[in-house]
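Student: quick one: sequence and predicted model below, then my questions.
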Amino acid sequence: MNIDFDLIKKCTCGVEYFSVKSGALCFHRYLKEEENAYKNHEKYKRVFTSSGVVISFLTDSKMLKIDYDVFDAGQTRSFYSIDIEKNGRLIDSAKNVKGEKPFFNEKEQKYADYVVAGDIKQFDLGKGEKKIRIYFPFALETRINSIELDDNAKIIPIKRDKNIIFYGDSITQGYDALHPTNHYTKKIANYLNADFINKGFGGDTFREQVVFKSKTNPDYVFVAFGTNDFSKTKTKKEFVDCCKAYYKKISEFYADATVFALTPIWRKDYLKKTAFKFECVKEEIIKATEKLKNVVVIDGFDFVPHNPKLYGDLRLHPNDKGFIKYAKSLIKQLKKHGF
């Protein structure tokens, strides 16, 4: 039984709008205004990645078949995994990597090139009624040609009680975990029983001009920038001004939400010489938000142990194990703040 696109849309979380291209359903996690704002960015295609997109439903079907295509989206990573959860447990995935770890060439400082191609894959869901969640890749654009269940199977969309928006850079987008089910955004959303939109964009900094108010009415907003500001921004004044403007806009847009300002996690070269010291990022985020009543600052420096083996590129972006550490650390801090 083919599930029509209208029903798939009702089951989907993590998008601002949908489109159909060449007969395939496409996910858009950014508003059209935001997509347009990124158009002059050299990595513009990253707005079309499927990071944070989830299809969630209750079903009694014994099988699930997905016909999908994946496309390059201006990334330096070509590996992917589409994860299938049953009642909160990962049971299978469709991926282009053998094993559980993409190969990173330390000498050349790059990932291996993997074949970027779609597939048709069938999954065994077992007997009885179950909650299914399908998580999509962070680094590629994913399009759905069709989703099939058993004939006459039940399918009921599942929505959670709360909503989150995540803003951030490549780490928020999901670099460098193979499995989207290990991303910190997913785990925090589970902890807070919330659906979420991931607006992480690899390489980005505090740039309020690309932010437009979401159609989602969030209960929580997480903002995690700063590491690229540290490595890219030419002057401290530029960083300070951009940081202040960003938090002011987010705080005003989502005045009824709790906004969590996450300071950057450790990076191997955090002592390198740039326009300002790495610890300055934390200090200025605190200053930028001290008068914003709905903003809570959380220090993220030690979220992931300072061990290169927990980073996919051995220096900056957490791998699957690193993201699990990140999420546990953040949840511990949320509990301390009463969430």
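Tutor: Perfect, thanks for sending it.
Student: now for the spatially most central residue of the chain: which residues touch it?
Tutor: Centroid-nearest residue in the chain, with CA atoms, centre = their mean: Q173, separated by 3.8 Å. Contact analysis of Q173 by CB atoms under 8 Å, 6 or more residues apart in numbering lists R46, T49, S51, F138, A139, N198, G200, F201, G202. All C-beta atoms are positioned from the backbone trio N, CA, C, and that covers glycine.
Student: next, the contact list for A261, please.
Tutor: So A261 contacts V223, Y247, I285, T289, V295, V296, V297, I298 (CB under 8 Å, 6+ apart).
Student: so the fourth one makes contact with Y247?
Tutor: What that stands for is T289. Yes. The pair T289 / Y247 is scored as a contact, 5.2 Å apart, by CB atoms under 8 Å.
Student: identify the contacts common to those two.
Tutor: Residues touching both T289 and Y247 (CB under 8 Å, 6+ apart): A261, V295.
Student: looking at the contacts of A261, which is nearest T258?
Tutor: V296 (6.4 Å; CB to CB).
Student: residues near the closest one, how many?
Tutor: 17 (other CB atoms under 10 Å).
Student: quick one: it and A257 touch, right?
Tutor: No. With contact defined as CB under 8 Å, V296 does not count as touching A257 (11.0 Å).
Student: how far away is the residue nearest to the centre of the chain from R160?
Tutor: 21 Å (CB to CB, to the nearest Å).
Student: any low-confidence regions in the stretch 101-250 of the chain?
Tutor: Scanning the stretch 101-250 of the chain for pLDDT under 70 picks out no residues.
Student: domain parsing for the protein?
Tutor: The chain is divided into the following domains under automatic domain parsing: 5-157, 162-336.
Student: just name the most buried of those.
Tutor: Ranked by mean neighbour count, these are led by domain 162-336 with a mean of 20 (mean count of other CB atoms under 10 Å).
Student: among the contacts of Q173, name the ones in helices.
Tutor: Among those, DSSP state H puts none in helices.
Student: let's have the residues you listed in TSV, adding distance to N319.
Tutor: TSV is the format used below for the contacts of Q173 (distance: CB to CB, whole Å):
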residue	distance to N319
R46	20
T49	18
S51	16
F138	13
A139	13
N198	18
G200	16
F201	20
G202	16
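Student: among those, which one lies nearest to G322?
Tutor: Nearest to G322 among these, with distances taken as CB to CB, is F138, at 14.1 Å.
Student: and the closest one, its phi and psi?
Tutor: phi -90, psi -30 (degrees, to the nearest 10).
Student: for the one 4 residues further on, same thing?
Tutor: Dihedral pair for T142: phi -120, psi 130, per degrees, to the nearest 10.
Student: next, give phi and psi for Q209.
Tutor: According to degrees, to the nearest 10, Q209 has phi -70, psi -10.
Student: return the distance of it relative to A24.
Tutor: From Q209 to A24 the distance is 31 Å (CB to CB).
Student: likewise for V221?
Tutor: Taken as CB to CB, the span from V221 to A24 is 31 Å.
Student: beta-bridge partners for L262, please?
Tutor: I298 (DSSP bridges).
Student: verify the stated contact: it with L334.
Tutor: No. Applying CB under 8 Å, one finds L262 not in contact with L334, separated by 10.8 Å.
Student: would you map the strands across the stretch 151-300 of the chain?
Tutor: Applying DSSP state E, counting those that start in this stretch to the stretch 151-300 of the chain gives strands spanning 155-157, 162-168, 194-200, 220-224, 258-262, 295-298.
Student: turn these into JSON lines, columns for distance to G99.
Tutor: Below are the strands of the stretch 151-300 of the chain laid out as JSON lines (distance: least, CB to CB, whole Å):
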{"stretch": "strand 155-157", "distance to G99": "33"}
{"stretch": "strand 162-168", "distance to G99": "28"}
{"stretch": "strand 194-200", "distance to G99": "25"}
{"stretch": "strand 220-224", "distance to G99": "29"}
{"stretch": "strand 258-262", "distance to G99": "31"}
{"stretch": "strand 295-298", "distance to G99": "34"}
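Student: can you say which of these is nearest to K98?
Tutor: strand 194-200 (26.7 Å).
Student: residues making contact with the closest one?
Tutor: 13-16, 29-30, 34, 51-52, 54, 56, 138, 159-174, 183, 185-186, 188-189, 214, 216, 219-220, 224.
Student: who does it pair up with?
Tutor: strand 162-168 (parallel).
Student: next, the angle strand 258-262 makes with the strand it pairs with.
Tutor: Relative orientation of strand 162-168 versus strand 258-262 (axes from the mean of the first three to the mean of the last three CA atoms, to 10 degrees): 30 degrees.
Student: could I have strand 162-168 exported to PDB, CA atoms only?
Tutor: Extracted as PDB, the C-alpha positions of strand 162-168 are listed here (Å, rounded to 0.1, in the frame of the first residue of the first chain):
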ATOM      1  CA  LYS A 162       6.300  20.500  22.500                       C
ATOM      2  CA  ASN A 163       8.400  22.100  19.700                       C
ATOM      3  CA  ILE A 164      12.100  23.100  19.500                       C
ATOM      4  CA  ILE A 165      14.100  25.100  16.900                       C
ATOM      5  CA  PHE A 166      17.900  24.500  16.800                       C
ATOM      6  CA  TYR A 167      20.000  27.200  15.200                       C
ATOM      7  CA  GLY A 168      23.700  26.600  14.700                       C
END
